[in-house]
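[1] Show me the folded form of this:
(2 chains)
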Amino acid sequence: MALITCEKATFAYEGMPVVKELDLTVEKGQYLCIVGENGSGKSTLVKGLLGLLRPVGGRVFYGDGLKQTQIGYLPQRNDHQTDFPASVWEVASSGCRGLWMNATKRKQIKELLELLGVAHLEKRSFARLSGGQQQRVLLARALCATTSLLLLDEPVAGLDPVVTREMYDAIRMLHKERGLTVVMISHDVQAAMQEADHILHLSNSGSFYGTPFEYRHSDLGLAFFGGCCCHE
Amino acid sequence: MNNVFEMLGKMFSYHFMVRAAVVGLLVSLCAALLGVSLVLKRYSMIGDGLSHVGFGSLAVASALGLAPMAVSIPVVMASAVLLLRLSGRAKLKGDALIAMISAASLAVGVIVLSLSDGTTGDVNNYLFGSVLAMTGEDVWLSVALAAVVLVLFVLFYRKMFAVTFDETFARATGEKVEGYHLLLACLTALTIVLGMRVMGAMLISSLIIFPALTAMRVCRSFRSVTICAAVVSVACFMLGLCLSYLLDTPTGASVVVVNVLAFLLFWVIGRARERA
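    All right, here's what the predicted structure looks like:
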């Protein structure tokens, strides 16, 4: 059984259906990248997958031991957090369940911060970190909340090329070494083709789902990149 | 120096001063703790709106000869829930609606007070507070309130942080975000009603806003901001109360002025640290 299944799911944004009758399965171990133009419903679909938005048609269900509230979510970067007083430790540990911290949870957070190379920043102010460091801390928070599925909403938006590369490396490491299933929303189609093993292209005129190879030769794929990476 | 201690000794020989001090200190503590989340969630205006509703309901209660607390607490709590809904749903007009409700409650309160046999002195006391207003019952009520706020705050501290820092993430991990907002609004309503009569309806919201903003000038983690705000708030209230006694100035206004000075001091320290 798949981790997440959408059956003819339709999601609406402000009353208008933007994702229409989508059939999608997210299987264990997949690295799925969701691409599409602005306004094609990527963010709406994220809310739907997280269970924050009910489908207006069809249904979404979770399986293979995944509960709706156990998705490790990395939200789109948000400006309101730039002046929020919070330490790196406080942000990362807010992904943990339960009212109290205990030794096991503390150890887990320490390990995750170390894994993502931000353990030395533990006591620093979150707001003062660079964009890449903040994303790593938020990734650690997401990992506190899940053992199986990461849902990343534009994880590299606004990062410079070097930091973007490092972020993709970190995500690949989590996918390969930790065996996490990854669903990533991105506008960076080139990177999506290299990193993911499946692509979902959302568009107002219908969607495409398949491997990067299939996508490259599909009408939507060709139209979207204008053939620019066919010679790779 | 001895003179000051003598003055303070005399000050606390008055029962009404002791009552005002106990209620004020406990309300300051609660207001500071709740204030950190309210300010960070951009809900400061809700606190201000609630104090105006509190004024209106106190005026109506006194005109009808009803127990002030028994009327104000439910009315202000209901308004808290309403204001929260308004600011959440109608994103664009939420602040305007709060301003409308504030002005409307204030207007109703002033009219009711002028129609009943209230004097301008009563209006003044409601608007700007009076240390004479506290009864023994109020003292017990504020002790109970402070206990409730402290217990809930410690119990839900981590969740409050998660919900304040990132609502969407908290929601995605299954937190009942609306529940926490409701709790925050109800505790704020209680704190405002209790503190209003010492501090005054016009000035009580400063106890919620100032300590959090002051602490944020120098502290960089949620925990340190929370602790610092609580200490600053309690210290400012005590200092303001003593100054108002020594200089014979209105208590509420004196506490606010001390809070302003503390804010300026912390702001200067914060700037100096950043340059260093």
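[2] alpha carbons only for contacts and neighbour counts from here, please
    OK.
[3] how about the residues of the stretch 1-150 of chain B that lie near chain A?
    Within the stretch 1-150 of chain B, the residues that sit near chain A (Cα under 8 Å from any Cα of the partner chain) are B:Leu40.
[4] tell me the contacts of whichever residue of the stretch 1-150 of chain B sits closest to chain A?
    Residue nearest to chain A within the stretch 1-150 of chain B (Cα to the nearest Cα): B:Leu40, separated by 7.1 Å. Contact analysis of B:Leu40 by Cα atoms under 8 Å, 6 or more residues apart in numbering or on different chains lists A:84, B:164.
[5] Just grab the bridge partners of A:Leu152 for me.
    Taking DSSP bridges as the rule, A:Leu152 bridges to A:Leu74, A:Met184.
[6] Please say whether there is contact between stretch B:198-209 and chain A.
    No: judged by Cα under 8 Å from any Cα, stretch B:198-209 stays clear of chain A, getting no closer than 15.2 Å.
[7] correct me, but A:Gly63 touches A:Cys6?
    No: with contact defined as Cα atoms under 8 Å, A:Gly63 does not reach A:Cys6; the gap is 11.4 Å.
[8] between these two, who's got more neighbours?
    Legend: neighbour count by other Cα atoms under 10 Å in any protein chain shown for A:Gly63 and A:Cys6, higher for A:Cys6 (20 against 15).
[9] Surely B:Ala272 is within a helix?
    Yes: with DSSP: H, G, I helix; E, B strand; the rest coil as the criterion, B:Ala272 is located in a helix.
[10] And it, how far from B:Arg217?
    Computed as Cα to Cα, to the nearest Å, the B:Ala272 to B:Arg217 distance reads 11 Å.
[11] neighbour count winner among those two?
    Between B:Ala272 and B:Arg217, counting by other Cα under 10 Å, B:Arg217 is the more crowded of the two (19 against 10).
[12] Please, where are all the helices along the stretch 101-250 of chain B?
    Here the stretch 101-250 of chain B has its helices, by DSSP state H, counting those that start in this stretch, at B:120-128, B:136-155, B:157-165, B:167-172, B:177-199, B:204-218, B:222-247.
[13] For the fourth one, output the C-alpha coordinates as CSV.
    Below are the C-alpha coordinates for helix B:167-172, written out as CSV (Å, rounded to 0.1, in the frame of the first residue of the first chain):
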residue,chain,number,x,y,z
GLU,B,167,1.1,27.9,12.7
THR,B,168,1.1,25.9,9.5
PHE,B,169,3.7,23.4,10.6
ALA,B,170,2.0,23.0,14.0
ARG,B,171,-1.3,22.3,12.2
ALA,B,172,0.4,19.8,9.9
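[14] So which bits of the helix or strand encompassing A:Met167 are buried?
    Per DSSP states H and E: A:Met167 is located in helix A:161-177. For helix A:161-177, a neighbour-count test (16 or more other Cα atoms under 10 Å in any protein chain shown) marks A:163-164, A:167-168, A:170-172, A:174-175 as buried.
[15] Which member of the residues you listed is positioned nearest chain B?
    Nearest to chain B out of the buried residues of helix A:161-177 is A:Ile171 (Cα to the nearest Cα; 19.0 Å).
[16] What mean pLDDT does stretch A:93-113 get?
    Regarding stretch A:93-113, the rounded mean pLDDT is 92.
[17] same deal with stretch B:236-254?
    For stretch B:236-254, mean pLDDT rounds to 94.
[18] how many other residues sit next to residue 27?
    If you meant another chain, say so; for now it's chain A. By other Cα under 10 Å, neighbour count at A:Glu27 equals 18.
[19] Chain B was what I was after
    For B:Val27, using other Cα under 10 Å, the count is 32.
[20] what about chain A, any weak spots by pLDDT?
    A:79-81, A:225-232 (pLDDT under 70).
[21] any idea how far the residue nearest the centre of chain A lies from A:Tyr62?
    Centroid-nearest residue in chain A, with Cα atoms, centre = their mean: A:Leu152, separated by 1.4 Å. Using Cα to Cα, A:Leu152 is found at 18 Å from A:Tyr62.
[22] backbone phi and psi for whatever residue of chain A ends up closest to chain B, please?
    Among the residues of chain A, A:Ala86 lies nearest to chain B; the distance is 4.0 Å by Cα to the nearest Cα. A:Ala86 has phi and psi values of phi -160, psi 140 when expressed as degrees, to the nearest 10.
[23] That one contacts A:Lys123, correct?
    No: taking contacts as Cα under 8 Å, A:Ala86 lies outside contact range of A:Lys123: 9.3 Å.
[24] So for these two, which residue has more residues nearby?
    A:Ala86 (25 against 14).
[25] List the residues that contact B:Leu83.
    B:46, B:98.
[26] That one: helix or strand, and which one exactly?
    Using DSSP H and E, B:Leu83 falls in helix B:68-89.
[27] pLDDT of that helix, averaged?
    Rounded mean pLDDT across helix B:68-89 is 85.
[28] then it to PDB, C-alphas only?
    Extracted as PDB, the C-alpha positions of helix B:68-89 are listed here (Å, rounded to 0.1, in the frame of the first residue of the first chain):
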ATOM      1  CA  PRO B  68     -18.700  44.000  38.100                       C
ATOM      2  CA  MET B  69     -16.600  40.700  37.700                       C
ATOM      3  CA  ALA B  70     -19.600  38.500  37.100                       C
ATOM      4  CA  VAL B  71     -20.600  40.700  34.200                       C
ATOM      5  CA  SER B  72     -17.200  41.600  32.800                       C
ATOM      6  CA  ILE B  73     -15.600  38.200  32.700                       C
ATOM      7  CA  PRO B  74     -18.100  36.400  30.500                       C
ATOM      8  CA  VAL B  75     -18.600  39.500  28.200                       C
ATOM      9  CA  VAL B  76     -14.900  40.100  27.700                       C
ATOM     10  CA  MET B  77     -14.200  36.400  27.200                       C
ATOM     11  CA  ALA B  78     -17.000  36.200  24.600                       C
ATOM     12  CA  SER B  79     -15.500  39.300  22.900                       C
ATOM     13  CA  ALA B  80     -12.000  37.600  22.900                       C
ATOM     14  CA  VAL B  81     -13.400  34.700  21.000                       C
ATOM     15  CA  LEU B  82     -15.200  37.000  18.600                       C
ATOM     16  CA  LEU B  83     -12.100  39.200  18.000                       C
ATOM     17  CA  LEU B  84     -10.000  36.200  17.400                       C
ATOM     18  CA  ARG B  85     -12.400  34.900  14.800                       C
ATOM     19  CA  LEU B  86     -12.600  38.300  13.200                       C
ATOM     20  CA  SER B  87      -8.900  38.800  12.900                       C
ATOM     21  CA  GLY B  88      -8.400  35.300  11.600                       C
ATOM     22  CA  ARG B  89     -11.200  35.200   9.000                       C
END
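[29] chain center to it, what's the gap?
    Averaged C-alpha coordinates place helix B:68-89 at 14 Å from its chain's average position (Cα atoms, centre = their mean, to the nearest Å).
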